[in-house]
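> I would like the atomic coordinates for the input below:
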Amino acid sequence: KTCCSVWKNCTLTMDFASIGNKIFDPIVVSVALVVFTTIYSIYPPTIIEYPWPTPPETSNNDDDKEKVVAIAGSFNPPHKGHFALFEYLASRYGKVIIIVGKNISKKYEVQPEDRAAVIQEYIEKSKSMKNVRVQVVSGLVWRFAKREGVSILFRGIRTWTKDGSNEMFLNILNIYGPILLGPLVRPIPTIFIEGVPAYNDISSTKVRKATLDSNNKEPILELVPQEVSDSIMGLYGKKTS
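Numbers count the residues shown, from 1 in each chain. Here you go, the predicted structure:
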């Protein structure tokens, strides 16, 4: 191997194994943890607990009506808990973008575009979601959000106690991504919003299981809005039966 100063015009040969060892060196890991902790202390999680504040009770309601906000997820499929969050955000903010994430290297049984179509169907049937649109996004969500002028990214959770450990990592990515890859782009704040307690036991996995019996629609009506129950049965029933 030849090592030389970066200020000289010469060749530098690197041993990738040694690079890996350095990356996982205890000192490097310790420094990384300190940096993560520092960043996280600067950007602590903001959580909206249930019951949600109603728009008239929020002191900055006029400002809220000027904001573009987004909520991202896989919504595979969307259920009552998701739609309750969508309805609330639509009532509070001027424009809401529902982002259905797509990994182009992943194979899906039900495509993100089909899931987005289910959400769009609900939007069209709703009288209170005229300021909402749904978008399938591949790649970094924060990049898309920046282009769209989004001022807040929302993440739905049951409670921080139950979901905080998983969401913490995503929150750090949303902070680091714009800073490192922007580069030096101001991160979009992420707000975590607790779901309606009555719906906290509902999950997309439970909905998918409920579609196994395509001859019995009753179980699924407890999990998803009636407006989109047929579409969800049609998409997931034929995929999982």
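
> okay, CA-based contacts and neighbour counts for the rest of this
Fine.

> Residues in a beta bridge with the residue most central in space within the chain, which ones?
A centroid search over the chain (Cα atoms, centre = their mean) returns Ala72, at 3.3 Å, as the residue closest to the centre. Taking DSSP bridges as the rule, Ala72 bridges to Ile99.

> Please compute how far the lengthiest helix in the chain lies from its chain's middle.
Once the chain is assigned using DSSP state H, the helix that runs over the most residues is helix 160-181. Its chain's C-alpha centre and that of helix 160-181 lie 10 Å apart, by Cα atoms, centre = their mean, to the nearest Å.

> What of stretch 198-205?
17 Å.

> Kindly report the same for stretch 76-84.
13 Å.

> what do you get for stretch 207-224?
Its chain's C-alpha centre and that of stretch 207-224 lie 25 Å apart, by Cα atoms, centre = their mean.

> Report the mean confidence score over it.
Stretch 207-224 shows a mean pLDDT of 89.

> And the contacts of that stretch?
With contacts defined as Cα atoms under 8 Å, 6 or more residues apart in numbering, stretch 207-224 is touched by 77-80, 202, 229, 233, 236-237, 240-241.

> Report the buried members of those residues.
Buried subset of these (neighbour count, 16 or more other Cα atoms under 10 Å): 77-80, 202, 229, 233, 236-237.

> Just name the closest of the residues you listed to Pro112, please.
Pro77 (9.4 Å; Cα to Cα).

> For the protein, give me the ranges with low pLDDT.
Applying pLDDT under 70 to the chain flags the ranges 1-25, 28-43, 56-61, 238-241.

> For it, just list every one of the strands.
46-48, 68-73, 95-102, 132-138, 152-157, 190-194 (DSSP state E).

> Dump the ones you listed into CSV; add distance to Pro112 as well.
Converted to CSV, the strands of the chain look like this (distance: least, Cα to Cα, whole Å):
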stretch, distance to Pro112
strand 46-48, 27
strand 68-73, 10
strand 95-102, 6
strand 132-138, 7
strand 152-157, 18
strand 190-194, 23
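
> looking at it, Gly156 is touching Glu194, isn't it?
Yes - using Cα atoms under 8 Å, Gly156 is in contact with Glu194, at 6.0 Å.

> Next, the contact list for the nearest residue to Ile48 once chain neighbours are set aside, please.
Take Ile48 and drop its neighbours on the chain: the residue closest to it by Cα to Cα, 6 or more residues apart in numbering is Ile193, 4.7 Å away. Contact partners of Ile193, counting by Cα under 8 Å, 6+ apart, are 47-50, 154-157.

> between those, which is nearest Glu66?
Taking Cα to Cα as the measure, Phe154 is the one of the contacts of Ile193 closest to Glu66, at 16.3 Å.

> Just give me the neighbour total for that closest one.
By other Cα atoms under 10 Å, 21 other residues sit near Phe154.

> Number the chain from 46, please
From this message on, residue numbering opens at 46, which makes the last subject Phe199.

> Quickly list what it is bridged to.
With DSSP bridges applied, the residues forming beta bridges to Phe199 are Ile116, Ile236.

> on that earlier part again, need the contact list for the residue nearest to the centre of the chain.
With Cα under 8 Å, 6+ apart, Ala117 has these contacts: 143-146, 186, 198-200.

> State the distance from it to Phe214.
Distance of Ala117 to Phe214, given as Cα to Cα, to the nearest Å: 15 Å.

> do Lys254 as well
For Lys254 relative to Phe214 (Cα to Cα), the value is 28 Å.
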